[in-house]
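1. Show me the folded form of this:
(one chain, ligands or ions: 1)
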Amino acid sequence: MVNKKQKFAGLIWMFALLSVAFASAAPAAQPAPRSNGLAQTPPVGWSSWNNFGDDINEQIVIETIDAMIANGMRDAGYVFVNLDDGWQRYKGARRDHPLEFDPKKFPRGISYLADYAHQRGMKLGIYSGPGQTTCAGYTGSEGHEAEDARMFANWGVDHLKYDSCCSHREAPKEELQKIFRTMSNALMTQKHGIVLHACHCGWGDIWEWAAGLGVNHWRIGQDISDDFNYPGNREQYYFDVLDQLDRGVGLEKYAGPGHWNDYDMLIVGLDGQSKQLVGTGASNIEYRTHFSLWAMVSSPMLVGADVRKLDQYSLETLTNKEIVALNQDPAGNIAHKVRDDGDLEVFARELADGSHAVLLLNRGAATATMTFSPRADLQAPMDRYSIRDLWKHRDLGTYDIPFTTEVQSHEARVFRIRQLATSANGRSVSDAAEQELAR
Ligand code: GLA
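-> Numbers count the residues shown, from 1 in each chain. Reported below is the predicted structural model:
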């Protein structure tokens, strides 16, 4: 005989067994994706690391801000001024030292610089990492994430590069997700919005999961060197411009407004002279190509050079507003490689207003003739279209056949093409409108 008590116990057991079976069959619950609503377009500005390394101070930052205003960079969209590693007072483990700014380098503190930037329509960024120490050996944030996030927010900091590639190089994905989630959550509880860059050198398939944690951008590769196309990896580590570009092919789908693939800082203007970064520099054409490519794939664009000393050509490259506009296009579509003929490649993206940006890249050693066809390359039935050259700042006219042009060695030509509607009599609507105006 089974009494009531035994029947009840049996039911409880059955329920427990069923819930265990159900739990193991059901997929593990994923935390809901988070977003801080920031960086709807990629951050654009300057970062201290690639030229200065940890040899930074208040005067450099102030002069950098002043120079970016005077030389037109701020007005072209370069608003972030980011301190990288080396602003901290102490080298060594966090368990042995507090995290403070170095009063010798920054006598008036970080909030002074944040105010200085904000008063001029710019933003200030800072750097830390999830380990006991950062990559350059300064105190990290491990175990003090909430406290540090509060301190950064109180200082008025607008961007944090949170760098795990030295402290967590071999860490499994779960651990990486935990460290970035911890800092992301800590930042999101602050009233002051702080853009989060999760810097992990493109390891751990970070593009697959970082956006879900509220991260705004993540490096897709190892550090860039000051080279356009160095054979292999310099020092068996660094990526050059074309390495970063190739690394990004296939990752386009992970990026969009608020969460971007980061191809690393711009090397334009370093000219092989950096105190910090390895590399022998690139030609003017190659730097321009690098800049055009970063714009097409909507990578964050943080200039690494000393902006107080940019030559005219580099400045013209960086302040080409038509190219910056591609990077900042609100649709946030990332350019795809739509054709690959060996050394000759075509990249394209659709822009918010329905026009397309097209980039013709010649990786080869000699000038080449390249052809672009909207029908073949974009699968867009554009029977008539207009073309504008975004480096020459010139409208090239109306086309109803594929567009053919010369591209120099290592050059990228960038065009904006716009479909023209065709009227019943076969003339393009815009031609008709122009004739109307001419009369
Ligand atoms: C790593 C990063 C660099 C820079 C340094 C600072 O190497 O990849 O971009 O931030 O750390 O120590």
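
2. Stretch 360-371: end-to-end distance?
-> 9 Å (CA to CA, to the nearest Å).

3. What residues of it count as buried?
-> Buried residues in stretch 360-371, defined by neighbour count with 16 or more other CB atoms under 10 Å: Leu360, Leu361, Asn362, Arg363, Ala368, Met370, Thr371. To be clear about C-beta, it is placed using only N, CA and C from the backbone, and glycine gets the same treatment.

4. What sits closest to the fifth one if chain neighbours are left out?
-> Using CB to CB, 6 or more residues apart in numbering and skipping residues adjacent in sequence, the residue nearest Ala368 is Asn362, 5.0 Å away.

5. Narrow the buried residues of stretch 360-371 to those in strands?
-> Residues of the buried residues of stretch 360-371 located in strands (DSSP state E): Leu360, Leu361, Asn362, Ala368, Met370, Thr371.

6. and the two most separated of those?
-> Farthest apart among those by CB to CB are Leu361 and Thr371. That separation is 13.6 Å.

7. Tell me who's in contact with the nearest residue to His118 once chain neighbours are set aside.
-> Once flanking residues are discounted, His118 sits nearest to Gly156: 6.6 Å by CB to CB, 6+ apart. By CB atoms under 8 Å, 6 or more residues apart in numbering, Gly156 lies in contact with Ser111, Ala114, Asp115, His118, Leu124, His192.

8. Am I right that Asp158 is in contact with Lys123?
-> Yes: Asp158 lies in contact with Lys123 (CB atoms under 8 Å); the separation is 3.8 Å.

9. okay, those two: which has more neighbours?
-> Asp158 (26 against 19; other CB atoms under 10 Å).

10. Gly193: neighbour count?
-> 15.

11. Same check on Lys275?
-> Lys275 - counted by other CB under 10 Å - has 11 other residues nearby.

12. Helix or strand for it, just tell me which one.
-> When secondary structure is defined by DSSP states H and E, Lys275 falls outside every helix and strand.

13. okay, it: pLDDT?
-> On pLDDT, Lys275 comes in at 88.

14. Then Ala210?
-> The score at Ala210 is 98. That number is its pLDDT.

15. for Ala380, same thing?
-> pLDDT at Ala380 comes out at 85.

16. Would you confirm that it contacts Phe372?
-> No: using CB under 8 Å, Ala380 makes no contact with Phe372, being 11.5 Å away.

17. Who has more neighbours out of those two?
-> The neighbour comparison of Ala380 against Phe372 (other CB under 10 Å) goes to Phe372, with 23 against 15.

18. Contact partners for that one?
-> Contact analysis of Phe372 by CB under 8 Å, 6+ apart lists Val346, Val358, Leu360, Pro402, Phe403, Thr404, Phe415.

19. what does Glu63 give?
-> Taking CB under 8 Å, 6+ apart, we find Glu63 in contact with Arg308.

20. Now with 10 Å, please.
-> Glu63 makes contacts with Asn57, Asp306, Val307, Arg308, as judged by CB atoms under 10 Å, 6 or more residues apart in numbering.

21. Show me whatever sits in contact with both of Leu361 and Thr371.
-> Residues touching both Leu361 and Thr371 comprise Leu344, Val346, with contact defined as CB under 10 Å, 6+ apart.

22. ok, Glu145 to Thr189 distance?
-> Distance of Glu145 to Thr189, computed by CB to CB, to the nearest Å: 11 Å.

23. how long is stretch 366-379 end to end?
-> Stretch 366-379 end-to-end distance (CA to CA) = 29 Å.

24. name the element Asp115 belongs to?
-> Using DSSP H and E, Asp115 sits in helix 109-118.

25. Who are the packing partners of that helix?
-> If you count contacts as 3 or more CB pairs under 10 Å, 6 or more residues apart in numbering; DSSP states H and E, helix 109-118 packs onto helix 58-70, strand 80-82, strand 123-128, helix 145-155.

26. quick one: buried residues of it?
-> In helix 109-118, counting by 16+ other CB under 10 Å, buried: Ile110, Ser111, Tyr112, Leu113, Ala114, Tyr116, Ala117.

27. What's opposite Met370 in the beta bridge?
-> Counting by DSSP bridges, Met370 is bridged to Thr405.

28. Please verify my assumption that it contacts Asn362.
-> Yes: with contact defined as CB atoms under 10 Å, Met370 reaches Asn362; the gap is 6.9 Å.

29. and for those two, which residues touch both?
-> Leu344, Glu345, Glu406, Val407, Glu411, Arg413.

30. Pull the most distant pair out of the residues you listed.
-> Greatest spacing in these, by CB to CB: Glu345 and Glu406 (15.6 Å).

31. Comparing the two, which shows the higher neighbour count?
-> Ranked by neighbour count (other CB under 10 Å), Glu345 and Glu406 place Glu345 first, with 20 against 12.

32. ok so the more buried one is a strand residue?
-> Yes: under DSSP: H, G, I helix; E, B strand; the rest coil, Glu345 sits within a strand.

33. mind listing what it touches?
-> By CB under 10 Å, 6+ apart, Glu345 lies in contact with 245-246, 249, 337-339, 359-363, 370, 412.

34. So for Arg219, what pLDDT did the model give?
-> The model's pLDDT for Arg219 equals 98.

35. got the residue ranges for the helices in this structure?
-> Taking DSSP state H to define them, one finds helices in the chain at 4-25, 49-52, 58-70, 109-118, 145-155, 173-188, 206-209, 241-248, 284-296, 312-318, 321-327, 374-378, 429-438.
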